[in-house]
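Asker: Just the structure for this:
(one chain, ligands or ions: 1)
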Amino acid sequence: MTSTKLVKDSPIIIVGAGVFGLSSALHLSQNGYKDITVFDKQPYADNAYSTTDGADAASADFNKVMRMSYGDEIEYQRLAFEGIKTWNAWNDGIRSSKTEDLPRGLKPTDLIWNNCGFLRMSIDGKLSDIERATLAGMTREGLRQTQFVLGDAEDEKRARSHFRRGEWEKKSDPFGRKKQGKELVGVFDSTAGFVEASKACIWAMHLCRRNGVRFVLGEKEGQVSTFVKNGTGRTIGVRTISGAEYHSELLILAAGGWTPYLFPSVSPLLETTAGSVVYFQLPPKDQAQDLWDKFSPENFPVFAYGGWSKGHGIGGFPRTEDGIIKIGYRGTKYTNYEDVQDPITGVKHRISVPKTKYWPQPHDPAITKQAVDAVKEVVREAMPELAAIGITGCRNCWYTDSLDNSFLVDFVPNDDGMLICSGGSGHGFKFLPILGREVVKIIERPGEKNAYGKLWRWRIKEGGPRNGLEQGEAGPRNWKKQVMATKDDWKFRENPSLYMESYG
Ligand SMILES: Cc1cc2nc3c(=O)[nH]c(=O)nc-3n(C[C@H](O)[C@H](O)[C@H](O)COP(=O)(O)OP(=O)(O)OC[C@H]3O[C@@H](n4cnc5c(N)ncnc54)[C@H](O)[C@@H]3O)c2cc1C
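Answerer: Predicted structure coming up:
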């Protein structure tokens, strides 16, 4: 199916102002499309994507990993490297702006992309197959010199000339394993780091607005309740909670974890799941200067402790400028199955939907005990200073997993009025500056799919493992089968004096 009627003046509606919606809007506007309206149920102009102020999208966050390492998925590696150019330009753009010209939530000293490096530590004494595939991919692309295999004599030698004095020791062994006589196996990726997620979204929205993109935001005006169809079933617009109707020649559905909720027919391809996140708020700087220094991006890398999905499934970040250390658990991604009525057909489906701190009703968020225990185990072993502080906050971060971890950017079969743009599968953020470039190609030339068009096509896989989607509600990841952690579980009880010692 091709969107044959689309011209530069055609009305385009995008549902969702997260990474997938913003990047699509930005690139469409850069490609001359003049009538683009983005709807979001969140009042982002007021809350500036702040998670403490009601924002609950996957894209609203302190930080996300900027990794280049993609095993043998070379297309993603290439896209990540291409995106870096724009991330650098965005840093420059913010730095050279006057405070009064920046949108709410951004200041000229903000560095939305921080190249602090990414340490991927192995916990079973050997490099995983995926690490080896990444090294091979980097070698093929002429980038092997940017990767440092710990303990490899040649790489260690190169590291000493590449990094500032003392930096390599801190970044390659942030948990002091060598001193403790412990094994240290892994790879340090010097091209990687983190992006400041909410701030990056604010900047992308600002760039979209500068290009003439309109934003309709907020619970009533911005929240899409259903899609409008013509007599042949083609999508021709949206209706919002306020009752207003808007016409589109093309509708892009980029509603993240809410995509299957709004469009249940996509649920064989996409499933909404939750990753778990905990926070440690450092004591005020004047009381804990040593910790603020130790965990600063200058001295501490983004880390994966044994890989994201294997072992503990734990990864973390340097502290934020407010002294918050975020650690994520992805060993298990949880599902939340509910009855959902298709807004068009009225048919009931049983599918996984988000359950955030604010949606569908505000509630006190709890993450699973499994996630808290996994984080505590790593903290006890690797960062005992944080045990003295204890966990100070948590969040379930809801996103869409696809059946093979690749994104979904394609027209709905038999409806060239609607394109689904979702399936971030836990790794979409880093592509904010570049994803939309491929979205535009898919829209303009749907018949000639390039590498990304093929990867991100509408696809159904019958039988066999499908990235956990095959488990459905009966599977072990179902939210309702989990034990949730209480605030008491957040504490590290045993021998706190030990931790106080190392913290002081
Ligand atoms: C715990 C966690 C860790 C992650 N870590 C990384 C990482 O380290 N690196 C990385 O690159 N990526 C990471 N990701 C993935 C990345 O965050 C996502 O791929 C990306 O943010 C998804 O963007 P999105 O636009 O699809 O969805 P979202 O950001 O969820 O945006 C969807 C938007 O749609 C809006 N919406 C929903 N329903 C409606 C409606 N009815 N009407 C109007 N608007 C609506 C929502 O309010 C929201 O703003 C992580 C994700 C999670 C959850």
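Asker: residues of stretch 343-360 that come out buried?
Answerer: Neighbour-count burial for stretch 343-360 flags Ile344, His349, Ile351, Ser352, Val353, Pro354, Lys355, Thr356, Lys357, Tyr358, Trp359 (criterion: 16 or more other C-beta atoms under 10 Å). In this view, the C-beta of every residue, glycine as well, is placed from N, C-alpha and C.
Asker: so who does the first one touch?
Answerer: What it means is Ile344. Residues in contact with Ile344 (C-beta atoms under 8 Å, 6 or more residues apart in numbering) are Thr226, Phe227, Lys229.
Asker: Buried ones among those residues?
Answerer: Looks like the contacts of Ile344 have Phe227 buried, using 16+ other C-beta under 10 Å.
Asker: contacts with the ligand among the contacts of Ile344, please.
Answerer: Among these, no residue lies close to the ligand (C-beta under 6 Å from any ligand atom).
Asker: between the contacts of Ile344, which is closest to the ligand?
Answerer: Thr226 (9.2 Å; C-beta to the nearest ligand atom).
Asker: Grab the nearest non-local neighbour of that closest one.
Answerer: Nearest residue to Thr226 in three dimensions, chain neighbours excluded: Pro343, at 3.8 Å (C-beta to C-beta, 6 or more residues apart in numbering).
Asker: what's the distance between stretch 74-88 and the middle of its chain?
Answerer: Remark: stretch 74-88 is offset 15 Å from the chain centroid, using C-alpha atoms, centre = their mean, to the nearest Å.
Asker: What lies in contact with that stretch?
Answerer: Taking C-beta under 8 Å, 6+ apart as the rule, stretch 74-88 contacts 66-70, 112-113, 134, 137-138, 140-141, 143, 191, 195, 427, 430-435, 438, 451-452, 455.
Asker: Equivalent analysis for stretch 368-381, please.
Answerer: With contact meaning C-beta under 8 Å, 6+ apart, stretch 368-381 is reached by 175, 276, 278, 305, 312-314, 327, 329, 331-332, 334, 386-387, 391, 394, 482-485, 489-490, 492.
Asker: ok so, going back, of all the contacts of Ile344, which comes closest to Leu250?
Answerer: Nearest to Leu250 among the contacts of Ile344, counting by C-beta to C-beta, is Phe227 at 12.2 Å.
Asker: is the closest one in a bridge, and if so with what?
Answerer: Val238 (DSSP bridges).
Asker: how close does it sit to Thr240?
Answerer: Using C-beta to C-beta, to the nearest Å, we find Phe227 at a distance of 11 Å from Thr240.
Asker: can I get the buried residues of stretch 343-360 in a markdown table with distance to Ser59?
Answerer: As requested, the buried residues of stretch 343-360 are exported to a markdown table (distance: C-beta to C-beta, whole Å):
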| residue | distance to Ser59 |
| --- | --- |
| Ile344 | 26 |
| His349 | 25 |
| Ile351 | 21 |
| Ser352 | 19 |
| Val353 | 18 |
| Pro354 | 13 |
| Lys355 | 18 |
| Thr356 | 13 |
| Lys357 | 15 |
| Tyr358 | 15 |
| Trp359 | 15 |
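Asker: thinking again about what came up before, what subset of the contacts of stretch 368-381 is buried?
Answerer: The buried subset of the contacts of stretch 368-381 - by 16+ other C-beta under 10 Å - is 175, 276, 278, 305, 312-314, 327, 329, 331-332, 334, 386-387, 391, 394, 482, 485, 489-490, 492.
Asker: got the CA positions of the strand or helix carrying Gly186 in PDB?
Answerer: Element membership for Gly186 (DSSP states H and E) is strand 185-189. Provided in PDB are the C-alpha atoms of strand 185-189 (Å, rounded to 0.1, in the frame of the first residue of the first chain):
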ATOM      1  CA  VAL A 185      36.500  -8.800  32.100                       C
ATOM      2  CA  GLY A 186      34.600  -6.600  29.700                       C
ATOM      3  CA  VAL A 187      34.800  -3.900  27.000                       C
ATOM      4  CA  PHE A 188      34.900  -0.200  27.300                       C
ATOM      5  CA  ASP A 189      33.300   1.700  24.400                       C
END
